[in-house]
Each structure stands twice: as C-alpha cells, then as structure tokens.
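Engineer: Here is the input, now give the coordinates:
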Amino acid sequence: MKLILHGTQLVDGKCPDCGREVKLMQEESYFFNMKKYQDWLVKFYEENPDFIVPLSRKNEIFSNFIKPGLEDLCISRTTFDWGIKMKNDPKHVLYVWVDALTNYITALGYGSDDDSLFQKYWPADLHIVGKEIIRFHGIYWPIFLKALGLALPKKIYAHSWLVMKDGKMSKSKGNVIYPETLIERYGLDSLKYYLLRTMQFATDSVFTPEDFVDRYNFDLCNDLGNLLNRTIGMMNKYFEGNIPTEFAEKNEVDDELEKFTLNEIAEFEKNMDELYLANSLSNVWKIISRTNKYIDETAPWILAKEENKEKLKSVMFHLAENLRKIAILLKPFMNETAEKMFAQLGLTAEELKTWDSLNSYTQIPQNTKVTEKGEPLFMRKDREEEIEFIQNVMHA
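Structural biologist: Numbers count the residues shown, from 1 in each chain. Predicted coordinates:
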C-alpha cells in the first residue's frame, strides 16, 4: 500500500494541493470498508434531516465527501509505534480518529465487564463538536456505530468559532487571549456569559476587548447587578427585609410585567431546544430590562412616601419574583451567579429553584427575608483601563 507523506491523494511526484514534490512510502495497513455503508448513510440523512445542525455543516460533508463517493478509510499504521496498538496485530497502531471516536462509548464501559454507565447514558441526546471536525463525527462516527450495531446520538451540533478582528487566534499575530486570564480578573461566570451571549448558532463571532468590557459593565454590572441591589435595598428600607407575599391590589403594570415575563420564558425554552443559546440569553436580558423599567413605572419611592402600602407590597413582590425567575433562567449559564441571587433573596428551598416553578407568580412563601445588605454580583470597572489590560495581555 502506498501512502503520501504530504497531501491528500495518491499521486506520482507532486501533491495536488500545493504542487510540491512528495515522497512515496509503502507500509502495511488495515482499511475500514466505508463504501459498504455509503447508501445507508445517505438514506439515514434523508430520513433524519436534523441529525446535524446547522444545516450548512451537513451540506458541507455531503458536497465534499459523501456525494463524490466515500473512500475506504486507512485505520492503522506500521511505520511508528506511538499510539494505541491493535490487540489482534500489535505491530499496527490505530488511526487516531478510531480511538478518539470510540472513546465516547468505551469511557462509559462499552465492551467491559461493567457497562452500566453505557446502558444508562447511551445514546447521547446531543453531541457537541467543533465545525472543523464535523467530517469525522458526521461520516466516520455514524458508520462505526452502525457497524457495531449501536444506536447513534440523537443530534450533532457543530458549533462555530470565536475569532478575532484579524482572523483566527495566532501567537504569530499576537492576538491570543487565554480564558484563564479573563477568569482571574473578571470571574468565571462573566466569561461564560460573554462567550455564550456572543457566539452565534451558525456563524463565527468576533471577540474584541471593547465588546467584552462593555458587556461586563453594562449587561452584568448595570442591568443585572443593579436590579438585584436596588431590590434588596428597597426591601430592607420599606419592609425590614421581608418579601411581601400578600397584597390587596396589583399595580396597573403588574399584569403587563407578568405577561411579558412568561412570554419571554416560553421563547427562552424554544431557543434552548433549538440550541440558540445566545438568543436564550437575550430573552433573559429582555426580562431584566423590562423589570428595571417596571421600577421606573411604579416608582416605589413615591408609593412609600404616599404610604400606599398595598401597591408597594405588590411592587416588591413582583421584583423579588422576577429576580427569582431570572436566577432560574441563568442557572444553565451562570450557576454561581444564580446561587448568589437565591442567597441574597433568602430563597433556600430547592423547589423555589426548579424549572417547573417558573410559570407561576405565587411561589415565594411568607416570611422570606432577604439579606441585610446585598453584595454586588459584579464590580464595575474602568472601561479604558480594562481595554488596555486585555490588549496588553493579548500581545504579551
């Protein structure tokens, strides 16, 4: 068997990709009969059009690999000895993608004396991979599983990249930013929020220091952090820290706030089901913005001055309840922040943190007391100073 050391096809003399002279070699190898499964794979995708999302990734592997016809896959090498050796023929080292892909099931105990985890967790509901390796997960992996007689994962999502203004991150370009650096300075949840809010479903997204700092200051510090702090402060000032759960009448905008919030929760669920994570976070921030606006509309400081206790109770209850809902929605993205919000609101019972408790405005029990002084969730930072810091560490 002849293999090229440089390039993608067997040729005599020159690589078809770059035209450079190449050296040929011979070695004994095992091959996987991919052609045997070509028709099955095509039929499977016809019957399961949403198996790979976004659609552009499926179209990519069809156009480049499946429609031209699958080639049998070389799955072993004998000219080196590093790697996983084949048990039945130890002089052969397995092709790395055979080992990497089967690791998904062998790590769960498949083929071992104890396959209880495999029986419990396989097939996966969702398999998330980078778009650059969809060929292996969209062609090789389904065929391997079919050959083994095993179920396929229910869906594969090939996510896009986060790039810089001048393209992919590269040390030679001096545009690399390490997540550890941002976590140390801004916190883990801040970075998770930025990445999940910025990265789009099907297209690459661009990281800039300016956008990162603005998201941190405006979204996290101003919108979310201030909403919690204002609510905790007013609860302590007007009701000695107790969340009022009974009131004689609602304010005029209460029903509108409830309807808006429940509609956004429904949209959040739809977006999560479709893996539109950035859109889901956008739904959460629409609720945050609407709740901040609700404070301005109801003016609790005026209600307190006028001693309109019943309407004031309604305002404070709705603020606390919306913050509880916001914390639940944020848990999949920012677990530490959500737990801090629950703690400051005095919500310790697990049933108050469940997804099923979202669609109601009667959850907070009587005698729930907020913390005496709310700690800021995020500390606002000087914009220019932080932009300069990130730019400097990128070029270090």
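Engineer: Need the per-residue pLDDT for Gln26.
Structural biologist: On the pLDDT scale, Gln26 is placed at 78.
Engineer: Same check on His6?
Structural biologist: At His6, the model reports a pLDDT of 37.
Engineer: Would you mind identifying the next helix or strand past the helix or strand hosting Asp211?
Structural biologist: Assigned by DSSP states H and E, Asp211 falls within helix 209-214. Later in the chain than helix 209-214, the nearest helix or strand by DSSP H and E is helix 226-239.
Engineer: which other residues reach that next one?
Structural biologist: In this structure, residues lying in contact with helix 226-239 by Cβ atoms under 8 Å, 6 or more residues apart in numbering are 241-243, 288, 291-292, 295, 300-301, 304, 312-313, 316, 319-320, 323, 341, 344-345, 370-374, 376-377. C-betas here are computed from N, CA, C, even on glycine.
Engineer: Only the buried residues of it, if you could.
Structural biologist: Using 16 or more other Cβ atoms under 10 Å as the test for burial, helix 226-239 gives 226-229, 231-232, 234-236, 238-239.
Engineer: Can you verify my assumption that Arg197 contacts Ser280?
Structural biologist: No. Here Arg197 does not reach Ser280: they are 9.4 Å apart, not a contact under Cβ atoms under 8 Å.
Engineer: Those two - which one has more neighbours?
Structural biologist: In this view Arg197 and Ser280 are compared by other Cβ atoms under 10 Å, and Ser280 has more residues nearby, 23 against 19.
Engineer: Please save the CA atoms from stretch 377-395 in PDB.
Structural biologist: Output of stretch 377-395 as PDB, limited to C-alpha atoms (Å, rounded to 0.1, in the frame of the first residue of the first chain):
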ATOM      1  CA  LEU A 377     -22.700  40.500  41.800                       C
ATOM      2  CA  PHE A 378     -20.200  42.200  39.600                       C
ATOM      3  CA  MET A 379     -17.900  45.200  40.300                       C
ATOM      4  CA  ARG A 380     -18.000  47.900  37.600                       C
ATOM      5  CA  LYS A 381     -14.600  48.600  36.000                       C
ATOM      6  CA  ASP A 382     -12.900  51.500  34.200                       C
ATOM      7  CA  ARG A 383     -13.500  50.900  30.500                       C
ATOM      8  CA  GLU A 384     -10.300  52.300  29.100                       C
ATOM      9  CA  GLU A 385      -8.200  50.700  31.800                       C
ATOM     10  CA  GLU A 386      -9.700  47.300  31.100                       C
ATOM     11  CA  ILE A 387      -9.400  47.500  27.400                       C
ATOM     12  CA  GLU A 388      -5.800  48.400  27.700                       C
ATOM     13  CA  PHE A 389      -5.200  45.500  30.100                       C
ATOM     14  CA  ILE A 390      -6.700  43.000  27.700                       C
ATOM     15  CA  GLN A 391      -4.800  44.400  24.700                       C
ATOM     16  CA  ASN A 392      -1.600  44.200  26.600                       C
ATOM     17  CA  VAL A 393      -2.000  40.500  27.600                       C
ATOM     18  CA  MET A 394      -3.000  39.700  24.100                       C
ATOM     19  CA  HIS A 395       0.300  41.000  22.800                       C
END
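Engineer: contacting residues around it?
Structural biologist: With Cβ under 8 Å, 6+ apart, stretch 377-395 has contacts from 174-178, 181-182, 185-187, 190, 209-210, 212-214, 216-217, 220-222, 224-225, 228, 337, 340-341.
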